[in-house]
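>>> return a 3D structure for these sequence lines:
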Amino acid sequence: MSRRSVDSGEQVRSGNWEIPPVEDLNKLLLDPKFFIETFFSIQSKNQEVVPLIFNTEQSEFYKILQLSLFHLILKARKIGFSTLIEALWLHACLFQENQKCVTLAQNQDIQHRRVEFLP
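Down below sits the predicted model:
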């Protein structure tokens, strides 16, 4: 297998992913939204695997997250806050030292259903 260097601005494909140009690599580390929308996928309601692009509510909450560390969310269903928060946690675990994140469900049946939706 040969290695090749990536010139500035050139995109390289690796499996299903397009590796972004070199100038975007630092942005991937520092900008969780950019990283998530570039590399993460979710299963849609139609059972299709689609890119995780922030919806309006997620984008607004993401902006608020930049201002403060502590937030209470009155849990509305099906808006995507759990997905957003778990994606942000994964980004933190990948790129920041000593990060630990845990997701809990109220019972084992619901936890199994959540795992089934992973692409």
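>>> which residue ranges form the helices in the protein?
Taking DSSP state H as the criterion, the chain carries its helices at 22-30, 32-39, 56-65, 81-95, 108-116.
>>> most neighbours per residue, which of these?
Each of those was scored by mean neighbour count; the highest is helix 32-39, a mean of 18, by mean count of other Cβ atoms under 10 Å. From N, CA and C alone the C-beta is placed, and that goes for glycine too.
>>> alpha carbons only: can I get that helix in CSV?
Extracted in CSV, the C-alpha atoms of helix 32-39 (Å, rounded to 0.1, in the frame of the first residue of the first chain):
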residue,chain,number,x,y,z
PRO,A,32,-17.3,20.0,17.4
LYS,A,33,-20.2,21.0,15.1
PHE,A,34,-18.0,20.9,12.0
PHE,A,35,-16.6,17.5,13.1
ILE,A,36,-20.0,16.0,13.8
GLU,A,37,-21.6,17.2,10.5
THR,A,38,-18.5,16.0,8.6
PHE,A,39,-18.2,12.5,10.0
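>>> start at 36, not 1
Renumbered: residue one is now 36, and that last one reads helix 67-74.
>>> for the record, mean pLDDT for it?
Mean pLDDT, computed over helix 67-74, is 91.
>>> what comes into contact with that helix?
When contacts are defined by Cβ atoms under 8 Å, 6 or more residues apart in numbering, helix 67-74 is touched by residues 52, 55, 59, 62-64, 86-89, 97, 122-123, 126-127.
>>> swap in 10 Å and give it another go.
For helix 67-74, contacts defined as Cβ atoms under 10 Å, 6 or more residues apart in numbering pick out 51-55, 59, 62-64, 66, 86-89, 93-94, 97-98, 100-101, 118-119, 122-127, 129-130.
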